[in-house]
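Novice: next one to model:
(2 chains)
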Amino acid sequence: MPRPPETGPDESPLSGIDRLIHEPARMLIMSLLMVVDSADFVFLMRQTGLTAGNLSSHLSRLEEAGYVKVEKQFVGKKPNTMLRLTRNGRQAFDRYRERLSQVLEVQTDEQG
Amino acid sequence: MGQALDLKRLEKKTFTSRFQDGLIDLQIGLCLVLVWFAGFFGPGTAGPVRIKLVWIGFVVVIIGVGLLKRYLTHPRMGTFQAAPARKKRLRIGAWVLFVLVLAQVGLVVVQATDLGLSGFDRLQGAVLIGLAFTIPWAFFAWASDFERGYLQALLLGGSIAVGITFDDGTAFLLSGVLLSIIGLALFVRFLIANPQLPEGHDAAAA
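Specialist: Sure thing, here's the model as predicted:
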């Protein structure tokens, strides 16, 4: 007779982790936007090392989730895209950090 | 992942990235070389034409660096607005700088009217004036978490103190050349690491 899993999917320590943020590139984007008021597309591209297409695709997902606000404007004659975290985005990232710390603490306690 | 979650460290790294192009080092370095060129210190006294040339030189350096920033390095590095906590720290820094500059002006007035510094010998006066330049710049470095700024503050104030003490401009030349080399090396490294972006790169934005 197969042994039942010790914890159900909802009780898994990772269940509270926001999977949208938990992707490395998106986590880096969110972290960078957490420590500034706003940043433009080029700045994020340089700081994350992502290509324009890749960054754009991650930003689209974060924007759809309501975590990032995208403002298109013109600086002189050149288009400029400014990005900032929404209040929702900041709260989600705080929750994500808190949850991840808890998970890591639990793992450390179990191993130690 | 560690650094991404250490937000304090990430904020510092992100904010100081605005100094990565080395232009601030180059600007101060070239200004110090100009002071040496003016011949304010040393046996040859600075003539009016030379002094005019130096003032023109200062303006050229300041405007030139400003243009390089605006048209060459900023489009490559992108821009950001600092977080409120950092802005607050910079505001405090600006107020302290303002008070220190007022103190500097007071120092000059006291010196000019011969009210209080007559009791100081040359070395004490030189150290005092050197500190009057070092402290504000070091404060700017603190407010910006800009570690190279402390070296700049030291070289700036140190050159002035040594220049006055020995009545010799060599310290300005040495400090200026050192800072210019650092600035130039950082500038070249920045241009190589951040090539110009193709037209319309921003169109890919979400």
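Novice: make it CA atoms for all contacts and neighbour counts henceforth
Specialist: Fine.
Novice: in the host helix or strand of B:Gln124, what counts as buried?
Specialist: In the assignment (DSSP states H and E), B:Gln124 maps to helix B:122-144. For helix B:122-144, burial by neighbour count (16 or more other Cα atoms under 10 Å in any protein chain shown) applies to B:125-144.
Novice: what's the following helix or strand after it?
Specialist: helix B:147-166.
Novice: quick check: angle from that following helix to helix B:122-144?
Specialist: Here helix B:147-166 runs at an angle of 170 degrees relative to helix B:122-144 (axes from the mean of the first three to the mean of the last three Cα atoms, to 10 degrees).
Novice: enumerate the positions of helix B:147-166 that are buried.
Specialist: Along helix B:147-166, these residues count as buried under the neighbour rule (16+ other Cα under 10 Å): B:148-165.
Novice: quick check: chain neighbours aside, which residue is closest to the residue nearest to the spatial centre of chain A?
Specialist: When Cα atoms, centre = their mean is applied to chain A, the residue found nearest the centroid is A:Ile21 (3.1 Å). Nearest residue to A:Ile21, sequence neighbours excluded (Cα to Cα, 6 or more residues apart in numbering or on different chains): A:Met27, at 5.1 Å.
Novice: tell me how many other residues surround the one you found.
Specialist: Neighbourhood size, A:Met27 [other Cα atoms under 10 Å in any protein chain shown]: 19.
Novice: circling back: residues touching the residue nearest to the centre of chain A, list them.
Specialist: A:27, A:30, A:93, A:96 (Cα atoms under 8 Å, 6 or more residues apart in numbering or on different chains).
Novice: now the residues you listed in CSV, with pLDDT?
Specialist: Below are these laid out as CSV (pLDDT from 0 to 100):
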residue, pLDDT
A:Met27, 95
A:Met30, 96
A:Phe93, 95
A:Tyr96, 92
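Novice: which ones among these lie within helices?
Specialist: Mapping the contacts of A:Ile21 onto helices (DSSP state H) picks out A:27, A:30, A:93, A:96.
Novice: isn't the last one right next to A:Arg19, touching?
Specialist: No: the pair formed by A:Tyr96 and A:Arg19 falls short of the contact definition of Cα atoms under 8 Å, at 9.1 Å.
Novice: the more surrounded of these two?
Specialist: Neighbour count, other Cα under 10 Å: between A:Tyr96 and A:Arg19, A:Tyr96 has more, with 20 against 12.
Novice: how close does that one sit to chain B?
Specialist: 10 Å (Cα to the nearest Cα, to the nearest Å).
Novice: residue contacts, that residue?
Specialist: Residues in contact with A:Tyr96 (Cα under 8 Å, 6+ apart) are A:17-18, A:21.
Novice: tell me which element A:Glu71 falls in.
Specialist: strand A:68-75.
Novice: list the helices and strands that strand packs on?
Specialist: Applying 3 or more Cα pairs under 8 Å, 6 or more residues apart in numbering or on different chains; DSSP states H and E, we find strand A:68-75 packed against helix A:52-64, strand A:78-85.
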